[in-house]
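Engineer: Attaching a predicted model along with its sequence, questions to come.
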Amino acid sequence: MNKKLISAGAAGVLLLLAGCSNGGNAKAPEALDSKDLLVTTPAPTGTLDRIVWNNNFGEPPSIDPIKAADYPASGVVSNLCESLFQIQPDFSIKPHLAKSVKNAGNTAYVYELQDGVTFWDGKPMTADDVVFSLKRQLDPKEISYWASSVTANIASVEKTGPNEVTVKLKTPDATFNNNLATPVGAVVEKAQREKAGVDYGNPGSGVMCTGPYSVASWKQGVSITLERYDGYWKTDKKAKTKQVEIQFITDPASITNALATGAVDGSYDVPLSAVGQLSKSGSGQLFRGKSMQNMAIISTGTGTLGDPAVRKALTLATDREAIARTVYEGTSTAAQSLVPAGGWAYGAEVFEAARKQLPAVTPNLEEAKRVIKDAKVDLSKPIKIVYPIDRTFYADIISEFANAGAKLGLKIEPSGVPGAQFGAFFSDPKARAGADAFVTTNYMNVADPLIHLAAIAGPGGMQNYSGFSDPKITGLLDKARATTDDTERAKLTVEAEALIMDKEPWLPVVDSSTRLYMNKRVTGAPASFVYLYYPWAADLGGSGK
């Protein structure tokens, strides 16, 4: 699955760690306190006719929900196409187009559908549309990015009543409904999909969904304008703004200028290079929100970094706290795990307690030197870490790892490639040939650590790019997936987490906050990292300022 292409959680030119982030002798930003992160922004006091937003990651290649698997498309589709379940700003997951669900031993789920849901053309959503939509994920001709590990466990999808759909699984999976809060559970109109043919999801035919907005126009290379759907079924969540124009500005300087001048009303994931300026802006406010994002270095499983002792030693020796403060302008914290801090919607006490038992993030060179003695590879062979050359802050991060590696006798070589070429590292094993690692600004789709860890370290996981496999870890992940009780499932998950962090198929670097900027005339957008699958635009409205 081509999920984290250029993984551009932040763009822009960043100052080197060797220098000061603010130039001269200016003081570096203070470390981020996760307790200060927001979930929502102040509620609107009125409606608006039009808002201009920016999608910093560029234009969607398609708005077909089964192809919405990265920032450009997901941030648009989230306002158009709804799923059976929906993630909330506090990361909880609730039934949505499904009114309720009955669980039969974690191997079958029976969904009662909402009444009165209509598509934008006024036609009612039916059980047939739901069955059709779910089966699209299983049809190889549809080329769903969510196939393989997410939907491979589905044995059958059937209409079992006038307003009821039953999904049977091959093996028990307590996480299945959480996945249905992503485009895996998205519902589209069957008739329109079949009529559109190969043009489906493109500017010519678009899609037909049930969300609070429809597509009014799509100016390729410029913007997509969303139009409020006044027949939206959830009356208390109707959009507060009539039109939202989503532009596709990707240049960091241009984004910063557009936000600072008010040409654009808001944006998620503002460039790191803009943090200082926008924090002091009189035209709006920069919000730091609760997030499920993290930056990591992914081992390809080959070369010097293919040895888990080398990976662990390099992480121990690197000052990730300095990276969080300096490269990320104080908007991130050093990552203790591949599960971002606070990335759970159940079992909080279990996950929080387990986190305290994981290795500290403070650099420990002596322990790193002890660990690297267990390496079984030639340490003199250079470690090639690939990054998208237009995201220069990655070079700064790799530079810090190189400094730490030198103290362990390791030689790290940053290798920048064009952004378009870098995307292939997430989808094509041939592109990864010759590289020891590549970078990612990753994210959890939903706040379920089990789903996230299984994707990274489970056999066939959609983000298992190195073929990582450990029988004990696999056993724990499988057992957790089959466990209904949330607390018990969390206990099994943290046991697997500890083993994964000991092997580090990915090297954790930082957990990022969500960086949201809004002009002072608008408010209401969720501050948390839900905008990929939650209709954030529908919450936007006037602030009265």
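Structural biologist: Thanks, I have it. Because the structure is predicted, anything quoted here is derived from the model rather than measured.

Engineer: Can you tell me the SS state at the closest residue to Q114 other than its chain neighbours?
Structural biologist: Leaving aside its chain neighbours, Q114 sits nearest to K99 (4.8 Å; criterion: C-beta to C-beta, 6 or more residues apart in numbering). C-beta here means a position set from N, CA and C on the backbone, and glycine is covered the same way. Reduced to three states with DSSP: H, G, I helix; E, B strand; the rest coil, the structure at K99 is strand.

Engineer: Could you give the average pLDDT over stretch 171-190?
Structural biologist: On average, the pLDDT along stretch 171-190 is 96.

Engineer: Give me the below-cutoff pLDDT ranges for the stretch 51-200 of the chain.
Structural biologist: For the stretch 51-200 of the chain, the stretches with pLDDT under 70 are 149.

Engineer: ok, which stretches of it are strands?
Structural biologist: If DSSP state E, counting those that start in this stretch is used as the criterion, the strands of the stretch 51-200 of the chain fall at 85-87, 93-95, 98-103, 108-113, 154-161, 164-169.

Engineer: The last one to strand 154-161, inter-axis angle?
Structural biologist: Right, the one you point to is strand 164-169. Relative orientation of strand 164-169 with respect to strand 154-161: 160 degrees, computed using axes from the mean of the first three to the mean of the last three C-alpha atoms, to 10 degrees.

Engineer: Output the longest helix belonging to the chain.
Structural biologist: helix 486-503 (DSSP state H).

Engineer: so which of the strands of the stretch 51-200 of the chain is the most packed in?
Structural biologist: strand 85-87 (a mean of 25; mean count of other C-beta atoms under 10 Å).

Engineer: Where does the prediction get shaky in this protein?
Structural biologist: Using pLDDT under 70, the chain drops low at 1-35, 149.

Engineer: Over to I297: give its phi and psi.
Structural biologist: According to degrees, to the nearest 10, the main-chain angles of I297 amount to phi -110, psi 120.

Engineer: wait, what's in contact with it?
Structural biologist: Residues in contact with I297 (C-beta atoms under 8 Å, 6 or more residues apart in numbering) are 385, 398, 401, 437-440, 506-507, 509.

Engineer: quick one on the thing from earlier: to I473, which of the strands of the stretch 51-200 of the chain lies closest?
Structural biologist: strand 164-169 (21.6 Å; C-beta to C-beta).

Engineer: what's that closest one packed up against?
Structural biologist: Contact partners of strand 164-169 among helices and strands, from 3 or more C-beta pairs under 8 Å, 6 or more residues apart in numbering; DSSP states H and E: strand 108-113, helix 127-136, strand 154-161.

Engineer: quick one, what contacts the residue nearest to E495 when sequence neighbours are not counted?
Structural biologist: Excluding the flanking residues, the one nearest E495 by C-beta to C-beta, 6+ apart is L476, at 5.5 Å. Contacts for L476 were tallied using C-beta under 8 Å, 6+ apart; they are 492-493, 495-496, 499.

Engineer: again, only this time at 10 Å
Structural biologist: L476 is in contact with 450, 453, 470, 491-500, counting by C-beta atoms under 10 Å, 6 or more residues apart in numbering.

Engineer: before we move on, the earlier item: tell me which of the helices and strands packed on strand 164-169 lies nearest to P414.
Structural biologist: Taking C-beta to C-beta, helix 127-136 is the member of the helices and strands packed on strand 164-169 nearest to P414, at 40.5 Å.

Engineer: List the buried residues in that closest one.
Structural biologist: For helix 127-136, burial by neighbour count (16 or more other C-beta atoms under 10 Å) applies to 127, 129-136.

Engineer: follow-up on the earlier one: after the longest helix of the chain, next one along is what?
Structural biologist: Following helix 486-503 in sequence order, the next helix or strand is strand 506-519 (DSSP states H and E).

Engineer: Can I get that following strand in CSV, CA atoms only?
Structural biologist: Taking Å, rounded to 0.1, in the frame of the first residue of the first chain, the C-alpha atoms of strand 506-519 are listed here in CSV:
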residue,chain,number,x,y,z
TRP,A,506,12.3,1.6,12.4
LEU,A,507,14.4,4.1,14.4
PRO,A,508,12.1,6.5,16.3
VAL,A,509,13.0,10.1,16.1
VAL,A,510,10.2,12.5,17.2
ASP,A,511,6.5,12.6,18.0
SER,A,512,5.0,15.7,16.2
SER,A,513,2.2,17.9,17.3
THR,A,514,-0.4,19.0,14.8
ARG,A,515,0.5,22.5,13.5
LEU,A,516,-2.7,24.3,12.6
TYR,A,517,-2.9,28.0,11.6
MET,A,518,-6.2,29.9,11.2
ASN,A,519,-6.9,33.5,10.3
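
Engineer: Paired strands for it, with orientation please.
Structural biologist: Strand 506-519 has the following strand partners under DSSP bridges: strand 266-268 (antiparallel), strand 284-299 (antiparallel), strand 332-334 (antiparallel).

Engineer: which stretch among these comes nearest T484?
Structural biologist: strand 284-299 (23.7 Å).

Engineer: The closest one: how far from the chain's middle?
Structural biologist: Offset of strand 284-299 from its chain centre (C-alpha atoms, centre = their mean, to the nearest Å): 9 Å.

Engineer: Show the subsequent helix or strand relative to that strand.
Structural biologist: Assigned by DSSP H and E, the successor of strand 284-299 is helix 308-317.

Engineer: Packing partners of that next one?
Structural biologist: Packing contacts for helix 308-317, counted by 3 or more C-beta pairs under 10 Å, 6 or more residues apart in numbering; DSSP states H and E, involve strand 284-299, helix 365-372, strand 383-388, helix 393-406, helix 486-503, strand 506-519.

Engineer: What residues of the following helix or strand past that helix count as buried?
Structural biologist: Going down the chain from helix 308-317, the next helix or strand is helix 320-322, by DSSP H and E. Neighbour counts over helix 320-322 (16+ other C-beta under 10 Å) mark 320-321 as buried.

Engineer: elements contacting helix 320-322?
Structural biologist: strand 332-334, helix 393-406, strand 506-519.

Engineer: now these in a markdown table, with mean neighbour count and distance to W146?
Structural biologist: Shown next, in a markdown table, are the helices and strands packed on helix 320-322 (neighbours: other C-beta atoms under 10 Å; distance: least, C-beta to C-beta, whole Å):
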| stretch | mean neighbour count | distance to W146 |
| --- | --- | --- |
| strand 332-334 | 26 | 28 |
| helix 393-406 | 22 | 27 |
| strand 506-519 | 26 | 21 |
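
Engineer: Out of these, which is closest to T235?
Structural biologist: strand 506-519 (25.4 Å).

Engineer: still on that earlier bit, out of the buried residues of helix 127-136, which is nearest to T487?
Structural biologist: If you rank those by distance to T487 using C-beta to C-beta, L134 comes first, at 29.7 Å.

Engineer: wait, that closest one sits on V165?
Structural biologist: Yes: at 7.5 Å, L134 and V165 qualify as touching, with contact defined as C-beta atoms under 10 Å.

Engineer: tell me, what residue is most central in the chain?
Structural biologist: Central residue of the chain (C-alpha atoms, centre = their mean): Y443, 3.2 Å from the mean position.

Engineer: Find the nearest non-adjacent residue to that one, please.
Structural biologist: Distance criterion C-beta to C-beta, 6+ apart; nearest residue to Y443, sequence neighbours excluded, is Q293 at 4.6 Å.

Engineer: Please determine how far the one you found is located from A348.
Structural biologist: Going from Q293 to A348 by C-beta to C-beta, to the nearest Å gives 19 Å.

Engineer: now T107
Structural biologist: Computed as C-beta to C-beta, the T107 to A348 distance reads 27 Å.
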